[in-house]
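**Q** Need a 3D model of the sequence below.
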Amino acid sequence: MQTIIIGGSSIPVLLESQLQGLHTSCWHTYGMTETLSHIALRPLNGENRSDWFTPLPGIQIDQDEKGCLQIEATHLYDNKLVTNDLVHLDGNRFKVLGRIDDVIVSAGHKLHPGLIEQKIEALLSLPFFIGAEKHKIAGQSALLVVEGQLSVNGIFQLWKMMETKLPPYEMPRRMYFLPNFDYLESGKINKRKTLEKVVSFRTC
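**A** Sure thing, here's the model as predicted:
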């Protein structure tokens, strides 16, 4: 195959590194149900590999007052589409920071779970995600939720390695290990339901 497109969700760091050995041209696409199609691309490998999405011809982008991506595509719909994706803009290209409703505000710091997960995903072979819980002083605190179990020594080693990857304000304040996560039909982790299990676990 000459070209492969990988769309929708974020691309795991490990997968992206493995793609560097392919001669096939691999592309990450940005799109959602509301856009009717993929509206931006970024090259995942080759000489033009980039961390930035570039909109397709006829697509204009900007941000709303909250920093969320706005899409203007007159051939698809009449009005601007305001997404829930926080982005960093550089001219007519963008990086996705995460969904605005997933942002964790901890002691004045705005933490993006997806970016934290990318930094530490090479440290864990088990499924995991970064979530949030209420904190009396900080407002919210980040937590690491893992499917499966590690030994006491494994937990200690994981913690020490995370300290080399994350600044202090991004470090999870707690770790939770659950035997099973809830999953959506798409195969993605159902974080909302899984966090409900964490609450139940804490109150047991």
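**Q** from here on, contacts and neighbour counts on C-alpha atoms
**A** Noted.
**Q** Got the domain ranges for this protein?
**A** In the domain annotation for the chain, the residue ranges read 3-100, 103-203 (automatic domain parsing).
**Q** need those domains in JSON lines with mean neighbour count, can you?
**A** Below are the domains of the chain laid out as JSON lines (neighbours: other CA atoms under 10 Å):
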{"stretch": "domain 3-100", "mean neighbour count": "15"}
{"stretch": "domain 103-203", "mean neighbour count": "15"}
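**Q** where does the protein have its least confident helix or strand?
**A** helix 191-203 (a mean of 77; mean pLDDT, DSSP states H and E).
**Q** wait, what's in contact with Leu123?
**A** Contact analysis of Leu123 by CA atoms under 8 Å, 6 or more residues apart in numbering lists Leu158, Met161, Met162.
**Q** what about the helices in this structure?
**A** For the chain, the helices defined by DSSP state H occupy 13-19, 113-120, 152-165, 191-203.
**Q** Relative to Asp78, which of these is closest?
**A** Proximity to Asp78 (CA to CA) singles out helix 113-120 among the helices of the chain, at 31.3 Å.
**Q** What helices and strands are in contact with the closest one?
**A** Packing partners of helix 113-120 (3 or more CA pairs under 8 Å, 6 or more residues apart in numbering; DSSP states H and E): strand 93-99, strand 128-135, helix 152-165.
**Q** Helix 113-120 and the last one, what's the angle between them?
**A** Using axes from the mean of the first three to the mean of the last three CA atoms, to 10 degrees, one finds that helix 152-165 and helix 113-120 are set 110 degrees apart in direction.
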